[in-house]
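Undergrad: mind folding the following:
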Amino acid sequence: MGMTSQQRMAVAMNLGTPDRVPVMSQLSLGHYFLRSGLKPLDVWYKSDAFAEALVRMSQRYRFDGILVNLPGRDPDFEKNIENLEQSDGETIVRWKNGSYTVLPDDDNAHYYLGDGTRFFPTFEQIDPEALYYIEPWDITGISYPYTWDFETEPRPFGDYFPPYHLDTIKRVKEKVGGSLSVHSEVFSPWSQFLELLNYENALMAILDDPGKVRACLERLTEGAIDLARRQAACGVDAILISSAFAGAGLISRAHYEAFVSPYERAIATTVQAQCAVPVYTHTCGSIGDRLDLMLATGTKGIDTLDPPPLGTVDLVEAKAMLQGKAFIKGNVDPVHTLLNGDLEMVRNDVRWRIGVGKPGGGYILSSACSIAPHTPPENIEQLALLAEQEGSYAQ
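TA: Purely as a prediction, here's the structure:
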């Protein structure tokens with residue numbers, strides 16, 4: 001008798017050999033909007049709807065796991081809406097405070113102030129002691145001092161996360177029981193810092209005042225650990241550190257060691273010691289030169305492994321370096337293969353990834369970065385099909 005998806009993922013994350021190679025890819029929000037059968041407005045703003053979209057799409061593509069990558073939403077959010085405007089391909093949400101949100105039918109929502117700008121504090125304005133956690137996908141975007149949604153006062157750090165923040169995780173767990181591996185997400189302190197200041201300003205800050213940057217990262221680490229503990233208490237099977245902006249396209253190895261490693265190490269080691277939940281790391285793009293640094297954070301796994309030309313990871317080299325030390329997840333090109341490739345190209349590419357990743361276990365078949373909104377479903381379906389046909393460890 002075969003394993004459940006939850007069991008299959010657990011064995012792979014523990015560097016073992018399950019019955020077959022498990023499959024778990026992150027879908028873009030736009031793909032949920034287009035393919036889940038639910039309204040984009042509901043998926044983005046309603047915890048129950050996003051949970052339903054996650055489960056529906058995992059079932060359609062026969063994934064072994066689900067990543068809950070939006071926070072739970074205020075169930076009373078609609079009280080803040082002035083009106084909705086529908087146009088071709090998007091919805092504009094007008095809020096009572098004069099701001100508005102543009103929600104495309106196939107992409108993430110963006111929140112704007114009434115004059116059409118987005119708010120970012122300056123580095124000079126930031127007091128590190130006022131920081132705890134920055135949620136990039138809060139429905140009102142970035143604020144400082146940080147407030148949730150339309151709240152007007154910062155929450156105390158001891159009760160920082162709103163009561164609804166974990167609702168989507170809870171709903172997904174209720175829907176799938178123990179059948180699928182359910183993963184949650186916290187943002188790396190470095191990612192939070194870049195989202196807080198906007199990318200160019202954050203990169204300039206590490207040159208202007210690296211000591212203050214480190215003080216900010218220390219505070220943001222505390223909040224990330226707090227959130228991860230709360231997610232673990234909900235029964236998640238793994239926690240992903242989202243660290244998208246730590247590849248060579250943005251920062252050097254030296255900057256990675258200074259501004260990423262210590263803080264991600266604190267999250268991974270603390271949460272795994274206190275909660276007995278595996279913590280793994282998502283970093284996009286050019287990371288072939290820093291897999292060793294990522295491994296040194298104590299992470300249990302590395303996600304994306306973008307191949308050329310999207311990134312710099314050779315799967316053969318990564319497998320040799322990480323075998324027996326961390327699970328690996330990804331390496332299927334989401335653009336050139338899954339989005340733009342035909343079925344023959346997809347099959348050949350996925351077969352090769354299985355052939356390299358499968359031996360010895362510890363491999364999860366996945367797209368590298370998230371699957372694009374307009375990716376043909378028949379291409380995505382090949383992942384589970386080929387994992388079943390060629391990923392068995394009984395062969």
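
Undergrad: and the pLDDT at the closest residue in space to Leu27 that isn't next to it in sequence?
TA: The shortest distance from Leu27 to any non-neighbouring residue, by C-beta to C-beta, 6 or more residues apart in numbering, is to Ile371 (5.0 Å). To be clear about C-beta, it is placed using only N, CA and C from the backbone, and glycine gets the same treatment. pLDDT, Ile371: 98.

Undergrad: pull out the buried residues from the biggest helix by length in the chain.
TA: As assigned by DSSP state H, the longest helix anywhere in the chain is helix 210-233. Within helix 210-233, the residues scored as buried using 16 or more other C-beta atoms under 10 Å are 212-217, 219-232.

Undergrad: what of stretch 281-299?
TA: Result for stretch 281-299 [16+ other C-beta under 10 Å]: buried residues 281-288, 290-291, 293-295, 297-299.

Undergrad: nearest to Arg171, of the residues you listed?
TA: Within the buried residues of stretch 281-299, proximity to Arg171 (C-beta to C-beta) peaks at His282, which comes in at 22.5 Å.

Undergrad: from Cys369, how far off is that closest one?
TA: 9 Å (C-beta to C-beta, to the nearest Å).

Undergrad: got it, and Pro376?
TA: With C-beta to C-beta as the criterion, Pro376 and Cys369 are 17 Å apart.

Undergrad: of the two, give the one with the bigger neighbour count.
TA: Taking neighbours as other C-beta atoms under 10 Å, Pro376 and Cys369 compare with Cys369 leading, 24 against 15.

Undergrad: and the end-to-end length of stretch 233-250?
TA: This stretch, stretch 233-250, spans 34 Å end to end (C-alpha to C-alpha, to the nearest Å).

Undergrad: show me where this structure has its helices.
TA: Ranges of helices in the chain, per DSSP H, are 5-13, 29-35, 40-45, 47-60, 167-176, 189-197, 199-208, 210-233, 253-259, 261-275, 291-295, 315-322, 343-357, 377-390.

Undergrad: what average pLDDT does the fourth one get?
TA: If you average the pLDDT over helix 47-60, you get 98.

Undergrad: in it, what's buried?
TA: Ser47, Asp48, Ala49, Phe50, Ala51, Glu52, Ala53, Leu54, Val55, Arg56, Met57, Ser58.

Undergrad: who touches it?
TA: 27, 31-32, 35-39, 42-44, 63, 65-66, 68, 70, 72-73, 75, 164, 167-168, 171-172, 175-176, 180, 377, 381 (C-beta atoms under 8 Å, 6 or more residues apart in numbering).

Undergrad: just for the stretch 1-150 of the chain, where's the confidence low?
TA: For the stretch 1-150 of the chain, the stretches flagged by pLDDT under 70 are 1.

Undergrad: how about the stretch 251-395 of the chain?
TA: 395.

Undergrad: wait, what's in contact with Asp74?
TA: Going by C-beta under 8 Å, 6+ apart, Asp74 touches Ile139, Trp148, Asp149, Pro162, Tyr164.

Undergrad: any of these buried? List them.
TA: Buried among the contacts of Asp74 by 16+ other C-beta under 10 Å: Ile139, Trp148, Asp149, Pro162, Tyr164.

Undergrad: how close does the closest residue to the first one other than its chain neighbours sit to Val176?
TA: Same thing as Ile139. Spatially, and ignoring its direct neighbours in sequence, Ile139 is nearest to Asp149 (5.6 Å; C-beta to C-beta, 6+ apart). For Asp149, the distance to Val176 equals 27 Å [C-beta to C-beta].

Undergrad: again with Gly65
TA: The gap separating Gly65 from Val176 is 10 Å, by C-beta to C-beta.

Undergrad: so what sits against both of these two?
TA: Applying C-beta under 8 Å, 6+ apart, one finds that Gly65 and Val176 are jointly contacted by Ser58, Val182.

Undergrad: look at these two and report which has more neighbours.
TA: Gly65 (27 against 20).

Undergrad: for that one, give me its contacts.
TA: Ser5, Met9, Pro22, Met24, Ser58, Leu180, Ser181, Val182, His183, Asp237, Ala238, Ile364.

Undergrad: next: Phe161.
TA: Shown in contact with Phe161 (C-beta under 8 Å, 6+ apart): Tyr133, Arg155, Asp226, Leu227, Arg230.

Undergrad: could you give the number of residues near the second one?
TA: This means Arg155. Applying other C-beta under 10 Å, we find 15 residues neighbouring Arg155.

Undergrad: wait, Leu194 sits on Ala202?
TA: Yes. With contacts counted by C-beta atoms under 8 Å, Leu194 reaches Ala202, the gap being 4.4 Å.
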